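> Fold the following.
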Amino acid sequence: ITNGLAFTPTATTTYTVTGTIDATGCKATNMVTVTVNPLPTVTAPDDFSTCEETEITLTATGDADEFAWDNEVTNDVAFTSSVTTTYTVTGTIIATGCHSTDRVTVSVNPIPAAIINTSRESICENETVNVTITAETEATTLQWLFNGTPIDGATELTHTATAFGEYSLSASKDGCACISNVLTITPVEAPVTSLPKEIITITTADEITLDAGIGFVTYLWDNNSNEQTRLVNGKELDPNTYILWVEVTNEAGCLTRDTVKVKVDPYQSVATSNGLAVELYPNPTRGIVKIKVDNANGNATISIYNQTGQLISKMQSMVQGKEILDEANLSDLAKGIYIIQVATKNQRITKLIVLE
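Predicted coordinates:
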């Protein structure tokens with residue numbers, strides 16, 4: 001040991017110093033004991049990675065009495081960090097003041113963002129769901145979800161939805177994950193026409209107006225008409241069964257095609273010298289039907305049938321001028337097509353009436 005020069009003792013030692021006067025050779029000695037206290041053992045956690053805004057806890061271990069971290073971190077108390085940081089902990093033995101340090105680097109990875117979108121979230125209920133959903137994200141691992149459940153094999157940036165429900169995306173990068181916004185593919189009610197479901201029967205002497213229903217955006221009939229109604233004139237048709245159709249769209253753009261069968265029978269009537277003629281008006285009607293006749297007088301029987309031929313009502317009336325005295329009342333019947341038969345003593349004729 002050299003007087004006045006620093007050194008590092010490794011164990012408790014008694015040191016003797018000898019002082020000498022060069023002129024006389026006289027000497028004197030003294031001693032000092034240097035006690036070497038051991039440093040505390042201080043161990044910080046190994047370096048690790050975490051995700052931003054995720055709580056972490058740094059816990060130092062060892063035989064120190066107390067541990068102090070820098071960066072305002074408290075030992076064994078949770079905190080969050082948004083940037084990669086190296087933390088240093090100092091462990092101290094209070095009795096001796098001896099201390100040691102250790103450090104840990106916490107790498108903070110960003111949480112990836114994920115946004116999904118599609119051009120169509122509302123699908124007509126009578127259409128097949130076939131919608132492409134696209135993701136915008138920097139994540140490297142993707143998993144599509146349907147109603148919160150992973151879809152087998154759906155791990156690309158795009159996914160084709162094939163069912164109504166909720167779709168979202170689980171996206172992760174460097175162990176940090178997020179859930180995207182939710183897209184709900186919902187059904188839109190398809191339009192329903194008012195065409196009758198049962199077959200309609202007319203004769204080659206009759207005509208009938210088909211009504212697709214009010215309130216649709218577009219109409220298209222089999223004869224290229226774009227009107228709400230379509231006239232079927234039995235006089236222009238051969239006896240046969242015809243399948244007629246109409247396509248309608250609603251405000252949501254949903255399209256429905258509906259069909260109706262119209263059976264055209266040959267016209268048959270009882271021949272008379274005068275030739276009974278009958279006209280129903282208004283037709284279509286909302287309930288009350290007036291009956292105009294030509295070449296008839298006296299009593300008349302008015303019979304009302306449904307399209308299956310079932311008799312609904314019958315009444316007796318008189319021909320007054322050119323009208324049946326009593327009106328036919330269909331107000332209590334369901335909307336549809338009915339047959340009204342007018343019979344006098346020697347003559348009988350049937351006509352179709354549409355009840356709206």
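> Could I get the full set of strands for the stretch 151-300 of the chain?
Assigned by DSSP state E, counting those that start in this stretch, the strands in the stretch 151-300 of the chain fall at 158-161, 165-173, 176-179, 183-188, 200-203, 207-211, 218-221, 229-233, 240-249, 255-265, 277-281, 288-294, 298-305.
> Nearest to D47 among those would be which one?
Of all the strands of the stretch 151-300 of the chain, strand 176-179 sits nearest to D47, with 17.1 Å by Cβ to Cβ. Every C-beta, even on glycine, is put in place using the N, C-alpha and C of the backbone.
> starting at the chain centroid, how far to that closest one?
When distances are taken as Cα atoms, centre = their mean, to the nearest Å, strand 176-179 is centred 22 Å away from the chain's centroid.
> Direction included, what does that strand pair against?
The pairing partners recorded for strand 176-179 under DSSP bridges are strand 165-173 (antiparallel).
> before we move on, the earlier item: reformat the strands of the stretch 151-300 of the chain as a markdown table; add mean pLDDT and distance to T141.
As requested, the strands of the stretch 151-300 of the chain are exported to a markdown table (pLDDT from 0 to 100; distance: least, Cβ to Cβ, whole Å):
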| stretch | mean pLDDT | distance to T141 |
| --- | --- | --- |
| strand 158-161 | 96 | 15 |
| strand 165-173 | 97 | 5 |
| strand 176-179 | 95 | 8 |
| strand 183-188 | 96 | 20 |
| strand 200-203 | 84 | 62 |
| strand 207-211 | 88 | 58 |
| strand 218-221 | 97 | 47 |
| strand 229-233 | 92 | 58 |
| strand 240-249 | 95 | 43 |
| strand 255-265 | 91 | 41 |
| strand 277-281 | 81 | 74 |
| strand 288-294 | 84 | 73 |
| strand 298-305 | 86 | 71 |
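> how about a markdown table for the ones you listed, with mean neighbour count added?
Formatted as a markdown table, the strands of the stretch 151-300 of the chain follow (neighbours: other Cβ atoms under 10 Å):
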| stretch | mean neighbour count |
| --- | --- |
| strand 158-161 | 17 |
| strand 165-173 | 20 |
| strand 176-179 | 16 |
| strand 183-188 | 16 |
| strand 200-203 | 21 |
| strand 207-211 | 18 |
| strand 218-221 | 16 |
| strand 229-233 | 16 |
| strand 240-249 | 16 |
| strand 255-265 | 16 |
| strand 277-281 | 15 |
| strand 288-294 | 17 |
| strand 298-305 | 16 |
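> Any regions of the stretch 251-356 of the chain where pLDDT drops low?
Where the stretch 251-356 of the chain drops to pLDDT under 70, the residues are 267-276, 295-296, 321.
> go again using 80 as the cut-off
Residues of the stretch 251-356 of the chain meeting the criterion pLDDT under 80: 266-278, 293-298, 307-309, 319-325, 344-348.
> Using TSV, lay out the strands of the stretch 151-300 of the chain together with distance to S194.
Below are the strands of the stretch 151-300 of the chain laid out as TSV (distance: least, Cβ to Cβ, whole Å):
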stretch	distance to S194
strand 158-161	33
strand 165-173	32
strand 176-179	46
strand 183-188	20
strand 200-203	13
strand 207-211	6
strand 218-221	12
strand 229-233	10
strand 240-249	10
strand 255-265	9
strand 277-281	20
strand 288-294	20
strand 298-305	21
